[in-house]
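> just a sequence and a predicted model for now, questions to come.
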Amino acid sequence: MTETTAYDEAFERAATPRPHYRGLVTTLESFTLNEIDRRERLQKISLVDQGITFTVYGEKEGIERENLARLVVKTTGDSGGYNMLMGPFALRKEIEAYAAQMRKAPGNYIAQPLIELSSHPTWVDGKFEPRRIDLRPFILYGETIRVLPGGLTRVALRPGSYVVNSSQGGGSKDTWVLASRSA
């Protein structure tokens, strides 16, 4: 470790851990390089699997870049499902082309794992067919916060689609919960 003028929470001075970090440093120093690599890979996968949205920065080895095939990537300036990459369904050449665009302005993108949406029987062309849906709750915020018994259900009307935005062919319907509060 090199000397620095910045405050280091873990180290008092070069290679001298603060008392409350000694146990952690000792444990970390006992790991082999292979163990550190293994734990880092598991940690990155864990972050992706939690549904966390990542802001894409310029790091060469950012977690979102290493996992594009597992992520949904969107531009921050667009809405309605435009200019996005559905990594789990994209071809390798599509992922590579999208990654090339991301490298030009990485701060203009966010990435998140594909979330499996609920499926619902939806009346389409005279029959019921399964379609993915999500629910946007109605929440009132003032002196108190109140979650109303319902929300807006958005539906992906194209078979197999995950995109529920109305501008991309999705539909919507008000949804109300009719059960009593004591149920």
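Nice, thanks for sending it over.

> wait, a helix at residue 132?
No - counting by DSSP: H, G, I helix; E, B strand; the rest coil, residue 132 is not found in a helix; it is strand.

> the residue nearest to residue 69 when sequence neighbours are not counted: neighbouring residues, count only.
Here the nearest residue to residue 69 in space, its sequence neighbours aside, is residue 87; by Cβ to Cβ, 6 or more residues apart in numbering that works out to 4.9 Å. Where C-beta positions appear, they are placed from N, C-alpha and C, glycine not excepted. As a burial measure, residue 87 scores 20 neighbours (other Cβ atoms under 10 Å).

> pretty sure residue 87 contacts residue 95?
Yes - taking contacts as Cβ atoms under 8 Å, residue 87 lies within contact range of residue 95: 6.4 Å.

> now for those two: what residues contact both?
Taking Cβ atoms under 8 Å, 6 or more residues apart in numbering as the criterion, residue 87 and residue 95 both touch 68, 69.

> in the chain, what residue spans correspond to strands?
Applying DSSP state E to the chain gives strands spanning 11-13, 16-17, 54-55, 71-75, 84-86, 109-113, 118-124, 127-141, 145-156, 170-176.

> possible to save these as CSV with mean pLDDT?
Listed next are the strands of the chain as CSV, based on pLDDT from 0 to 100:
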stretch, mean pLDDT
strand 11-13, 79
strand 16-17, 85
strand 54-55, 66
strand 71-75, 88
strand 84-86, 90
strand 109-113, 85
strand 118-124, 88
strand 127-141, 89
strand 145-156, 88
strand 170-176, 84
